[in-house]
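Q: below is the sequence, then the predicted model.
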Amino acid sequence: MGNAYYYSVEKLLSSSLLSKNLKFRIYETVILPFVLYGFETWTLTLREKQRLRVFENKVIRKIFGTKRDEVTGEWRKLYNAELHALFSSPDIIRNIKSGRLRWAEHVARMGESRNSYRVLVGRPEGKRLLGRPRRRWEDNMEMDLREVGYDDRDWINLAQDRDRWRAYVRATMNLRVP
């Protein structure tokens, strides 16, 4: 879906008549919501993270256009490091991680009678499939919290303290994601 919306506004993003700020507003209001629909519940693998980064770099490259090389004088695409230096907003992976943490706080603070909370803390019955277990949403949450320095596994109790939890969410937004 994100590609469909990207290609529908591609001419606007490459237009020299619009400012870069307006192009970024188009990206953030038209394209990004469709790409990130329901991202709070995603369990991201490395491949999916890479695909999201590639998509974001493609859009940002279209917004900034090409650059003239000082040495050869030829036009070339911007390198990823140049894109990240020009684009100061948090990247798509940091947005996903912080949104997942905000959603986790919301669900962890729900009452025990709510279905979302029961799904979060419940354990499925039955026999597990053979092979390595699939990555769970809770595993991603613990990895996100470990990246910002929280090593305890009991993050549901941490979510009850709003100030500390929001400090971790802000730290996630300021992380440099490789």
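A: Thanks, I have the structure now. The structure displayed is predicted, hence computed values, not measured ones.
Q: going forward, measure contacts between C-alpha atoms and count neighbours the same way
A: Fine.
Q: residue 72 - that's part of a helix, no?
A: No. Read with DSSP: H, G, I helix; E, B strand; the rest coil, residue 72 is coil and lies in no helix.
Q: ok, so what distance separates residue 152 from residue 145?
A: 9 Å (Cα to Cα, to the nearest Å).
Q: the two - which one has more neighbours?
A: Shown here are residue 152 and residue 145; by other Cα atoms under 10 Å, residue 145 has more neighbours (22 against 10).
Q: quick one, what contacts that one?
A: 151, 168 (Cα atoms under 8 Å, 6 or more residues apart in numbering).
Q: next secondary structure after the helix or strand encompassing it?
A: Element membership of residue 145, judged by DSSP states H and E, is helix 137-147. Using DSSP H and E, the helix or strand that follows helix 137-147 in sequence is helix 155-158.
Q: how close does the spatially closest residue to residue 64 that is not a sequence neighbour get to residue 55?
A: Nearest residue to residue 64, sequence neighbours excluded (Cα to Cα, 6 or more residues apart in numbering): residue 20, at 7.3 Å. From residue 20 across to residue 55, the span is 18 Å (Cα to Cα).
Q: do you know how far residue 153 is from residue 144?
A: For residue 153, the distance to residue 144 - Cα to Cα - is 12 Å.
Q: whoops, I mixed them up, residue 10
A: Between residue 10 and residue 144 the computed distance is 33 Å (Cα to Cα).
Q: between those two, which is the more surrounded one?
A: residue 144 (20 against 15).
Q: right, and that one touches residue 97 too?
A: Yes. Assessed by Cα atoms under 8 Å, residue 144 is found in contact with residue 97 at 6.6 Å.
Q: what's the overlap in contacts for these two?
A: residue 172.
Q: show me the shaky parts of the protein.
A: Scanning the chain for pLDDT under 70 picks out 175-178.
Q: and the helix ranked longest in the chain, what does it pack onto?
A: As assigned by DSSP state H, the longest helix anywhere in the chain is helix 46-64. If contacts are counted by 3 or more Cα pairs under 8 Å, 6 or more residues apart in numbering; DSSP states H and E, helix 46-64 sits against helix 10-14, helix 20-26, helix 80-86, helix 92-108.
Q: quick one: that helix to helix 92-108, angle?
A: Orientation of helix 46-64 against helix 92-108 (axes from the mean of the first three to the mean of the last three Cα atoms, to 10 degrees) gives an angle of 120 degrees.
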